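[1] Turn this into a structure:
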Amino acid sequence: MGQLALQRVSPLASLPRRLPSLPLPSSYSPSLLFATASPRPRRHGLYLVRAMSSHIVGYPRIGPKRELKFALESFWDGKTAANDLQTVAANLRNSIWKHMADAGIKYIPSNTFSYYDQVLDTTAMLGAVPSRYGWESGEIGFDVYFSMARGNESVPAMEMTKWFDTNYHYIVPELGPDVEFSYASHKAVDEFKEAKALGIDTVPVLIGPITYLLLSKPAKGVDKSFCLLSLIDKILPIYKEVFDDLKSAGARWIQFDEPILVMDLDTNQLQAFSDAYSHMESSLAGLNVLIATYFADVPAEAYKTLTSLKCVTGFGFDLVRGLETLDLIKGGFPRGKLLFAGVVDGRNIWANDLSASLKTLQSLEDIVGKDKVVVSTSCSLLHTAVDLVNEVKLDKELKSWLAFAAQKVVEVNALAKSFSGVKDEALFSSNSMGQASRRSSPRVTNAAVQQDVAAVKKSDHRRSTEVSARLQAQQKKLNLPALPTTTIGSFPQTADLRRIRREFKAKKISDIDYVQAIKAEFEKVVKLQEELGIDVLVHGEAEVKNLLFEIFYSLVS
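    Down below sits the predicted model:
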């Protein structure tokens, strides 16, 4: 595999605006902030020596300088062609794989890149395109794909909703008994081959069939009570075609993301999960199977169902948010199976407490077996920032507390090496100092706040009057209808508001003028709500929202 040039990327946040295609500069490589203490893996014979077992669930894809965002916007605006967008995307994917390979990660994911979201990619793979988009057959291209995501001049987009409890969204599949599924996107196989051409053996990642169906909704005209899981027998043949193609391309592993298992699934849903994977068992022969869960604890019944599957080689769990799952593992884990232990937090920007994470891994050693533990992230790193090297204005103290995606990759590998007996003492010492600094810093621990919190009594958590009395008083005062309307929170920050704020900061207007301008904005939005017949009014947060951002910004600048 040779010495691979490091590169790194950032999460797919908002998607708009464009530039001509921007291939990543060949000189770009991600900062491995721990690189002085963690040298890159060395070649011994024909093989790259890596940490014992390390894995990344997924990685940010927007690009170190938001290349994907700009390329998408440029394509959507008609300024660049599809091949320009594809070039940017390919460069980003290659940089991600090379970054992880060079950092020493053993199980590197592929098919985690997306032009929009991973559920929409699965909809394309299954050919589950609503009829209004005019697609009939063949490989799904950008025109249909982005029409589903964004709509076009003649049809609206499909519904968008939150991806579990994150700030990411996905396009909700519209399904029904008459949907005809077909293998309509070969993206998973194409990206596996793309990585293989670089000399990197990856783990193709698919949204699992049960998560896909349970995150879908009945299509328009389909009864709301329609059982989405009744479609499982229709989609599994498509999954099997993907498996066959991946095996033909040389894949040895496959990862199913089944985060739906952290939800409270009923007995029938868990049985459907078990049946689906049992049904796929023969098709998966020749592949090592990893099922990854994340974002929360896996309930006991779901854990039992999952770990009872015979066709699975490894199970991935979020051990950052899943402390009860950790107890379940300690209470029993299937012999001979791999545990992908998600101890590096994929949902924040803080450096991991490496010593604490190592203790968690060591606590699993006698239960799972040292050679069966794979160090992983708690979820995809899609949900964190990209690379600390880009934060050139942060002071040294604050920077020592942080780890973005590029640094979390290094943390995973450092923990895997340490767990296998090769501890990087310099790295762990530096990390420990950073953890201690953050705990004791007045920037984090405000003495006045701590004093106020300590003074809170149990009685302060209870109202002095019963809820029934409060409801009666509220109704007497407000006379609200059974279903009152409200806008909940903030109104848009207008150009005038921004101008007034700039002038106030530049001391071009007085305090009195500024307060009067804000009050005038309050009056304007209240009047608008009254004219619209809104029942519960808000003042629009013309000033409060901005102040909150400024307060938080002042603590890190």
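
[2] Name the surrounding residues that touch stretch 130-150.
    75-76, 82, 85, 115-117, 120, 123-124, 127, 129, 155, 157-158, 171, 174, 182, 184-186, 219 (C-beta atoms under 8 Å, 6 or more residues apart in numbering). Just so you know, the C-beta spots here come from the backbone N, C-alpha and C atoms, and that holds for glycine as well.

[3] so of those residues, which ones are in helices?
    Under the assignment DSSP state H, the contacts of stretch 130-150 contribute Phe75, Trp76, Ala82, Leu85, Leu120, Thr123, Ala124 to helices.

[4] And the residues you listed, which is closest to Thr486?
    Leu120 (32.1 Å; C-beta to C-beta).

[5] how many other residues sit next to the closest one?
    22 (other C-beta atoms under 10 Å).

[6] where's it relative to Ile260, distance?
    For Leu120, the distance to Ile260 (C-beta to C-beta, to the nearest Å) stands at 17 Å.

[7] Repeat that for Lys527.
    Lys527 is 46 Å from Ile260, by C-beta to C-beta.

[8] Check Phe295 too.
    Taking C-beta to C-beta, one finds Phe295 at 10 Å from Ile260.

[9] could I have stretch 426-435 exported to PDB, CA atoms only?
    Extracted in PDB, the C-alpha atoms of stretch 426-435 (Å, rounded to 0.1, in the frame of the first residue of the first chain):
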ATOM      1  CA  ALA A 426       3.700  10.800  25.300                       C
ATOM      2  CA  LEU A 427       0.300  11.000  23.700                       C
ATOM      3  CA  PHE A 428      -1.500   9.700  26.800                       C
ATOM      4  CA  SER A 429       0.300  12.100  29.000                       C
ATOM      5  CA  SER A 430      -0.500  15.100  26.700                       C
ATOM      6  CA  ASN A 431      -4.200  13.900  26.600                       C
ATOM      7  CA  SER A 432      -4.300  13.600  30.400                       C
ATOM      8  CA  MET A 433      -3.000  17.200  30.800                       C
ATOM      9  CA  GLY A 434      -5.600  18.500  28.400                       C
ATOM     10  CA  GLN A 435      -8.400  16.700  30.300                       C
END
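
[10] For it, what is the distance to the chain centroid?
    27 Å (C-alpha atoms, centre = their mean, to the nearest Å).

[11] List the buried residues of that stretch.
    Residues Leu427, Phe428, Ser430, Asn431, Gly434, Gln435 are the ones in stretch 426-435 that count as buried (16 or more other C-beta atoms under 10 Å).

[12] that older thread, just the buried ones out of the ones in helices among the contacts of stretch 130-150, please.
    Counted by 16+ other C-beta under 10 Å, these give Phe75, Trp76, Leu85, Leu120, Thr123, Ala124 as buried.

[13] For the spatially closest residue to the third one that is not a sequence neighbour, give me its contacts.
    The spatially closest residue to Leu85, leaving aside those adjacent along the chain, is Phe75, at 4.4 Å (C-beta to C-beta, 6 or more residues apart in numbering). With contact set as C-beta under 8 Å, 6+ apart, Phe75 has these partners: Arg18, Ala81, Ala82, Asp84, Leu85, Phe142.
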